[in-house]
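1. sequence below, structure please.
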Amino acid sequence: MRQENSTINKLETFFSPKSVAVIGASKKIGKAGNVIFSNFAQNKRRGIFKGEIYPVNPNEDSVLGFKCYSSIKYIPDDLESIVIVVPAAIVKDVMKDAVEKGVEVAIIITAGFSEIGNHEYEEKIVEIARKGGIRILGPNCIGVFDSYTGVDTLFLPETKILKTGDVMVATPRPMPGHMAMISQSGAFGAAALDYLTGQQIGISKFVSFGNKCDVDESEIIQLLYNDQKTNVILLYAESINEGRRFMEISRQVTKEKPIVALKSGQTEAGARAASSHTGALSGSDQIYDAAFLQTGVIRARNMREFFNMGKALVFQPPTSGRNIAILTDAGGPGVMAADECEIRGLRIKKLSNDTLSKFEDLKKKKILPEFSTNLNPVDLTGSATSKMFEYGLRLLLDEPNTDGIIVIGIHHLPAIEEDFVDLIGNIMLEYRKPIIGCDIGETEMAIYIRSRFEKFGIPAYPSPEEASQAMVALVNYGLYLKNIGCLEEYLKRFDEKIKLNLKKV
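-> Here you go, the predicted model:
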């Protein structure tokens with residue numbers, strides 16, 4: 001289901017245009033047009049954005065050192081993309097100029113269309129665009145961010161100056177990565193970028209489509225299916241257009257790339273809020289549940305789970321069974337993880353007699369504490385050392401009835417050193433079973449341990465419940481791939497990607 005080249009190329013122009021004009025570019029600090037044009041200008045000076053940029057504003061002679069044009073009609077060169085950040089009443093005339101200029105794509109940041117009941121005016125904009133062959137993102141959106149090409153139409157400044165004069169990071173841009181995000185809500189999308197940056201999770205592309213008067217989630221998912229830098233797709237939606245087409249596309253995409261969906265508007269109040277926010281008609285939540293289940297789309301229940309699942313699917317392979325083993329140096333967190341796993345449909349089974357016998361041998365040899373428990377969860381107790389994690393993990397990975405491992409390494413214990421993560425990371429390379437890490441805490445050492453896990457490609461979380469939820473995504477996606485006969489092929493591709501990434505560690 002690869003898109004036709006003409007469609008791919010057209011949509012790709014949103015992310016890598018050879019030329020772009022910001023209509024409404026401004027010198028005034030704090031104006032949306034100033035922020036957006038500054039994004040392009042800075043990325044061009046850094047050598048990230050390779051295209052030509054043009055500010056358009058009849059009231060300015062220049063913006064940030066670039067000659068300003070009163071209309072796109074007077075730009076002497078060809079123009080592929082426009083970003084519109086002017087009052088809604090002017091947008092129709094801008095689109096007519098864009099058709100005359102031969103523009104290919106338009107990102108309409110401006111609000112004031114169907115989300116406030118102005119449906120007829122929005123339809124006129126679409127009609128003009130279709131006659132000229134222009135594709136539209138928006139209106140009422142924040143547009144596009146591409147970490148690789150430098151396209152950044154977010155009108156939210158990266159830093160803000162406090163009344164004290166201090167400068168603080170406000171809306172950071174994530175580092176390059178292999179997870180893409182599509183968001184119907186611009187505000188949630190911007191907050192998500194902040195969250196992902198703070199979690200040191202990179203992204204490939206971010207798309208906000210607002211009212212989606214033209215380009216919708218299905219087309220963007222198709223584009224990301226063809227994008228070599230995207231391995232996992234996150235979708236936040238308040239409604240989904242053309243449900244049957246969405247299902248057809250998702251069913252094909254999930255054979256090769258996982259999709260995690262956070263669908264809001266589940267309740268009557270939420271649906272009402274979605275309608276006033278983007279003009280969305282949410283529809284029955286049970287229908288969405290069924291559609292996601294049939295097409296292999298993994299549904300997240302809340303924001304944190306949304307990102308946790310995405311991170312797990314970027315870092316670790318899916319698994320073909322529900323049997324999970326837990327290795328911990330703290331009993332309580334192990335119990336919490338076991339509860340969450342079983343509540344979510346995973347199984348924490350007693351280990352095989354052969355594996356139990358091997359654990360008992362390690363106790364007799366005093367390699368493991370005599371009072372450690374090994375029924376699953378395996379609790380190394382407060383006497384745990386880094387080497388104990390190595391021995392315990394290897395036995396669990398060799399256990400034939402174990403499909404994945406959750407490792408809870410509480411760093412507070414006196415004999416635990418940071419190298420326990422290195423030992424786990426090196427063992428992981430010998431196996432195909434997924435490993436999820438966990439260390440509880442929000443101070444320096446906990447953050448360091450979790451980041452160390454992730455340098456080895458092991459997603460790590462600050463709570464046992466979150467670690468378990470991440471494993472749920474790997475299990476559910478793996479079972480779906482297994483049921484449709486695509487798991488082995490997916491794992492082969494994943495192995496190649498992970499080997500390439502680990503060479504960089």
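2. contact partners for the residue lying closest to residue 388 once chain neighbours are set aside?
-> Ranked by Cβ to Cβ, 6 or more residues apart in numbering and with sequence neighbours excluded, the top spatial neighbour of residue 388 is residue 380, at 5.0 Å. Where you see a C-beta, it was placed from the backbone N, CA and C, and this is true even at glycine. Listed by Cβ atoms under 8 Å, 6 or more residues apart in numbering, the contact partners of residue 380 are 327, 328, 329, 368, 369, 372, 388, 389, 392.
3. ok, residue 380 to residue 370 distance?
-> 12 Å (Cβ to Cβ, to the nearest Å).
4. and which of the contacts of residue 380 is nearest residue 47?
-> residue 389 (43.8 Å; Cβ to Cβ).
5. can you get me a residue count around the closest one?
-> Per other Cβ atoms under 10 Å, the neighbour tally for residue 389 reads 23.
6. quick one: buried residues of the helix or strand containing residue 396?
-> Under the criterion of DSSP states H and E, residue 396 resides in helix 386-398. Residues 386, 388, 389, 390, 391, 392, 393, 394, 395, 396, 397 are the ones in helix 386-398 that count as buried (16 or more other Cβ atoms under 10 Å).
7. and if you look at stretch 329-345?
-> Within stretch 329-345, the residues that count as buried by 16+ other Cβ under 10 Å are 329, 330, 333, 334, 335, 336, 337, 338, 340, 341, 344.
8. how about stretch 67-77?
-> In stretch 67-77, the ones that count as buried by 16+ other Cβ under 10 Å are 68, 69, 71, 72, 75.
9. pick out the most distant pair among those residues.
-> Across these (Cβ to Cβ), the longest gap, 11.6 Å, separates 68 and 72.
10. what touches both of the two?
-> Both residue 68 and residue 72 are contacted by residue 56, under the criterion Cβ under 8 Å, 6+ apart.
11. which one among the buried residues of stretch 329-345 gets closest to residue 406?
-> Lowest distance from residue 406 to the buried residues of stretch 329-345 (Cβ to Cβ) belongs to residue 337, with 5.5 Å.
12. same for the helix or strand hosting that closest one, what does it pack against?
-> Per DSSP H and E, residue 337 falls inside helix 331-343. Where contact means 3 or more Cβ pairs under 8 Å, 6 or more residues apart in numbering; DSSP states H and E, helix 331-343 is packed against strand 324-328, strand 378-379, strand 404-408, helix 464-483.
13. specify the angle between the helix or strand just after the third one and strand 324-328 in degrees.
-> In this case it means strand 404-408. Sequence-wise, the next helix or strand downstream of strand 404-408 (DSSP H and E) is helix 419-428. Inter-element angle recorded for helix 419-428 and strand 324-328: 150 degrees (by axes from the mean of the first three to the mean of the last three Cα atoms, to 10 degrees).
14. now the helices and strands packed on helix 331-343 in a markdown table, with mean pLDDT?
-> Listed next are these as a markdown table, based on pLDDT from 0 to 100:
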| stretch | mean pLDDT |
| --- | --- |
| strand 324-328 | 98 |
| strand 378-379 | 98 |
| strand 404-408 | 98 |
| helix 464-483 | 98 |
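15. distance from the chain centre to stretch 170-186, please.
-> Its chain's C-alpha centre and that of stretch 170-186 lie 7 Å apart, by Cα atoms, centre = their mean, to the nearest Å.
16. hmm, back to that, which of the buried residues of helix 386-398 sits closest to residue 212?
-> residue 397 (45.1 Å).
17. right, I'll leave it there.
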